[in-house]
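> below are the sequence and a predicted model for it; my questions follow.
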Amino acid sequence: MRILVIDDEKNIRRTMALALESMDQEVVAVASGKEGVRELTRVPIDVVFLDLKLHQESGLDVLAEIFRLAPLAAVVMVTAFASIETAVEAMRRGAFDYLPKPCTPDRVRQVLSRIERTRKLESRVVELESQLHASAPEIDLTTGSLLMQQVIDTAFKAADSEATVLILGESGTGKSVLAKAMHVRSPRKIGAFVTVSCPSLSREILESELFGHVKGAFTGAHSDTYGKIAAADGGTLFLDEIGDLPLEIQAKLLRLLQEREYERVGETKPRRANVRVISATNRDLAQAVRDGRFREDLYYRLNVISFEIPPLRNRIQDLDRIVKRHIDFFAAHAGKPIRRLSAEALLAMRSYRWPGNLRELRNVIERAVILGNSDEIGIADLPQISQSSSDLRIGGRITLEEIENEHIRKVITNSRTVDEAASILGVDPATLYRRKKKL
């Protein structure tokens, strides 16, 4: 952390600075409140050790000025005139803690440790609050799909390491859900899980959100902002849709991955980052590299361990369980007695290709529950699904080849091997392989 020591006694300033530097902290020591205020306007400060009795100033008055300039700084009052009254007054005005002189290195180390723990807890509270307001059912990573089970096994093995992970998959397949599950199973689980959505409104907003900024860095930067990297310190930084990251920011991210360092917008002094990076994309990053839209060196840094989540249409074995969980969740929230799908509705959902994957499934069930009038969801409650099903129904205005092709696709999707699918269809495996390749 960057620490400011304000004390009018030279020996105390020197001793405090040496003690803090021995703890791998960055220290600036000044002799007066005026110098301290000047330092606060020059660089971001994380912690201030402030003498209560300065030569011609009151530490309590300086405290108010510190909070005006750096509202996020943790201020520790230090004084030889220890008393309950001054301690209570300093805490009432917002001081983090109160230390009597002489301040031993152990006491200083303890208070810094409390500051770090408090910041991690604050990040954790923000994370938990967002979870409480989430409008999605509890995540269930059990699966009947061999392909999905292989992905989950790989993800959980990687969770124990510090390796950078790249999660691939179509939009809506649950990439962020799996990233969060990896964090929970990692040694960093007590730290925060911080998400950055890379398709932001602009490069400037995304850069500030990710790295933070200092006061005055740009129009509207009225105060220092820590940024998502600082919020994820000791935890996991999840970069969602990394394929949309602007080229200008890619160089800064590469530095973060290589050197564990970054700079806030408007700041020239590097900061250290103790974060584990997981990223996800629905884009072909290898093609983006060939097209010059994504840095090759960054791609290899992100792609230490990678795996692709299969689309819902390729893990149809899990559909019944996922649908039931969503029905129970939304019915409880809406106060509806809906408990199940009709046989016809379930058959239609199994046959549907789900281009929007789990996200689309969630929306379909939520709509059906809200608008439903009985204890069962029927095909009429699923207009998008029923329309798609009617397009290929027997007797519809379609060719025999279209019916045959769709039947082959669904049999292959629901079979473990090409041999099994060929047996169901009554054709030679080699013939089916050629037809599959053509399709």
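Good, I have the coordinates.
> CA only for contacts and neighbour counts going forward, please
Noted.
> determine the longest helix present in this structure.
Of all segments of type helix in the chain, defined using DSSP state H, the longest is helix 105-132.
> dihedrals phi and psi, the residue nearest to residue 359 when sequence neighbours are not counted?
The shortest distance from residue 359 to any residue other than its chain neighbours is 4.8 Å, reached at residue 172 (Cα to Cα, 6 or more residues apart in numbering). Residue 172 adopts backbone torsions of phi 90, psi 10, taken as degrees, to the nearest 10.
> and residue 172, what does it touch?
Neighbour list for residue 172: 356-360 [criterion: Cα atoms under 8 Å, 6 or more residues apart in numbering].
> now which of the residues you listed would you call buried?
Using 16 or more other Cα atoms under 10 Å as the burial test, the contacts of residue 172 include 356-358 as buried.
> so which of those residues is the closest to residue 111?
Nearest to residue 111, judged by Cα to Cα, of those is residue 358 at 46.1 Å.
> now for the strand or helix carrying that closest one, which elements pack on it?
In this assignment (DSSP states H and E), residue 358 forms part of helix 357-371. Using 3 or more Cα pairs under 8 Å, 6 or more residues apart in numbering; DSSP states H and E, the elements in contact with helix 357-371 are helix 319-334.
> for the helix it packs on, packing partners?
Contact partners of helix 319-334 among helices and strands, from 3+ Cα pairs under 8 Å, 6+ apart: helix 357-371.
> show me the contacts for residue 228.
Here residue 228 is in contact with 194-196, 209-212, 237 (Cα under 8 Å, 6+ apart).
> could you tell me which of those belong to helices?
Using DSSP H, the contacts of residue 228 in helices are 209-211.
> please parse the chain into its domains.
2-117, 146-310, 313-438 (automatic domain parsing).
> need the mean per-residue confidence for the first one.
Averaging pLDDT along domain 2-117 yields 87.
> how far does it stretch from start to finish?
The straight-line separation of the ends of domain 2-117 (Cα to Cα, to the nearest Å) is 16 Å.
> ditto for stretch 405-424
End-to-end distance for stretch 405-424, by Cα to Cα: 14 Å.
> run the chain-centre distance for that stretch.
Remark: stretch 405-424 is offset 38 Å from the chain centroid, using Cα atoms, centre = their mean, to the nearest Å.
> for stretch 271-290, same thing?
Taking mean C-alpha positions (Cα atoms, centre = their mean), stretch 271-290 and its chain are 13 Å apart.
> may I have the phi/psi pair for residue 48?
phi -120, psi 130.
> so it sits against residue 16, correct?
No - counting by Cα atoms under 8 Å, residue 48 stays clear of residue 16, with 11.7 Å between them.
> more neighbours, those two?
residue 48 (26 against 22; other Cα atoms under 10 Å).
> look up how far residue 54 lies from that one.
Note on residue 48: its distance to residue 54, by Cα to Cα, is 14 Å.
> got it, and residue 286?
61 Å.
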